[in-house]
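Participant: need a structure here:
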Amino acid sequence: MFVTKNAIMRKYVSIIIGLTLIAISVLIAVAFIKSSDKKKPKIAKDTKTVMVNIVKNKTIPILINSTGSLIAKNKIEIYSEVQGVLNISKKEFKAGTYYLKGEIILSINTDEHLANLRSLKSNLHNSLLSIMPDIKVDFPFEYEKWQNYLILLDVEKNLPELPETKSDREKYFFTGNNIYTQYYNLENLDIRLSKYTIRAPYNGVLTEALVTQGSLIRQGQKLGEFINAHTYEMELAIKSSFIDFIKIGNPVRLNNIEHTKSWQGKIIRINGKIDQASQTVRVFIEANANDLREGMYLEAELVTRSEPDAFEVDRKLLFENNKLFAVKDSGLYLVQINPVFFNDKTVIVKGLKNGTKIISKPLQGAFEGMKVKINKGNKKK
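Facilitator: Below is the predicted model:
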């Protein structure tokens, strides 16, 4: 069997095409393998930047913070014990009026009371005058003293004290003639007369006035309120766990809410009872200043004691309540500390060495050995 020349040529062409396709496939495969063997670019690890506080131990005062309102230590509510019309005085009976100790705050018209007092004095005078002849006969040695008393007994003057009797017989005589009853009634009216005038018990200011000059005052009616404008108290509710730190006489710093002014005070009383609901103890602070006002809302810092060789940090920095993260050789490590006192936002700790670099802000995901770098521009001491 003979093969033609054309058939042979077609065979060679097919072989060449096949080899070419194989070669191309091999080249493509080699190129793909080489491209897949290229090393992936290394991803640089992210080193976090932290700010630190450099520990410098010192003596730190332990402060307890609380808030409260001022009330006047000396305060009286003015009530009338008598009835009458309020007199017009030099100073108006209005809130904000200042009075010195002993100065008249207000006075009630006494015309009716004085008329009654004069009438009863006149009755006593007449009663004594009517029995003077009997005294001269029965008690001749006592006649002169009673005669002198009649002269002193003036309806326009204060009631003089009755002479002393030297025998029971003399005493019974005057008792039977109703002299003592009339005298004690007059004495009672004299005492009541003083209640028509109300004087300032101390230097202070009228903070409330409920009547005006010329008003009819009734017995038992509240007229106003008067306070000492210099001495104030503030009641604080302190956690019972802090009670061991507080003592009477401890100094207290008082600040206004804006922290633009401050005053000095001291603890004067500590309640012996703990409130069961809130587990707090009432502590009373006294402060003296002319620019304080009743009702002012203040912040109080109670100085309890001082802790030597201590450092203060943010409470959020605590790890497991007794550890802190510090930086050394670009890495984090944990430092064991002893918390001494917890404030609302900070904690006073002991056990740190001077120069230790403590991170100043909480670092999310922090762990011991974590690589960090210090922001040197914000390093704190």
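Participant: How far does the longest strand seen in the chain sit from its chain's centre?
Facilitator: Criterion DSSP state E: the longest strand present in the chain is strand 297-314. Distance of strand 297-314 from its chain centroid, counting by C-alpha atoms, centre = their mean, to the nearest Å, is 16 Å.
Participant: Can you give the strand pairings for that strand, parallel or anti for each?
Facilitator: strand 58-72 (antiparallel), strand 251-256 (antiparallel), strand 346-350 (antiparallel) (DSSP bridges).
Participant: So for N290, which of the ones you listed sits nearest?
Facilitator: Comparing the strands paired with strand 297-314 against N290 with C-beta to C-beta, the closest turns out to be strand 58-72 (13.2 Å). No exception for glycine: its C-beta is placed from N, CA and C like everyone else's.
Participant: got the buried residues for the closest one?
Facilitator: For strand 58-72, a neighbour-count test (16 or more other C-beta atoms under 10 Å) marks I60, I62, L63, I64, S66, G68, L70, A72 as buried.
Participant: Could you export these as JSON lines, including distance to Q276 and pLDDT?
Facilitator: Below are those laid out as JSON lines (distance: C-beta to C-beta, whole Å; pLDDT from 0 to 100):
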{"residue": "I60", "distance to Q276": "33", "pLDDT": "89"}
{"residue": "I62", "distance to Q276": "26", "pLDDT": "82"}
{"residue": "L63", "distance to Q276": "27", "pLDDT": "82"}
{"residue": "I64", "distance to Q276": "21", "pLDDT": "84"}
{"residue": "S66", "distance to Q276": "19", "pLDDT": "87"}
{"residue": "G68", "distance to Q276": "20", "pLDDT": "91"}
{"residue": "L70", "distance to Q276": "27", "pLDDT": "94"}
{"residue": "A72", "distance to Q276": "29", "pLDDT": "93"}
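Participant: Secondary structure of Q264: a strand, I assume?
Facilitator: Yes. Using DSSP: H, G, I helix; E, B strand; the rest coil, the assignment for Q264 is a strand.
Participant: Who is the most centrally placed residue in the chain paired with across the strands?
Facilitator: Centroid-nearest residue in the chain: G68, 2.8 Å away (criterion: C-alpha atoms, centre = their mean). With DSSP bridges applied, G68 shows beta-bridge pairing to L298.
Participant: Tabulate the strands paired with strand 297-314 (CSV), appending distance to T165.
Facilitator: Shown next, in CSV, are the strands paired with strand 297-314 (distance: least, C-beta to C-beta, whole Å):
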stretch, distance to T165
strand 58-72, 50
strand 251-256, 61
strand 346-350, 78
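Participant: what's the closest of those strands to Y183?
Facilitator: Of all the strands paired with strand 297-314, strand 58-72 comes closest under C-beta to C-beta, at 41.7 Å.
Participant: List the buried residues of the next helix or strand after that closest one.
Facilitator: For strand 58-72, the following helix or strand on the C-terminal side (DSSP states H and E) is strand 75-79. Of all the residues in strand 75-79, those buried under the rule 16+ other C-beta under 10 Å are I76, I78.
Participant: Against which helices or strands is strand 75-79 packed?
Facilitator: strand 222-227 (3 or more C-beta pairs under 8 Å, 6 or more residues apart in numbering; DSSP states H and E).
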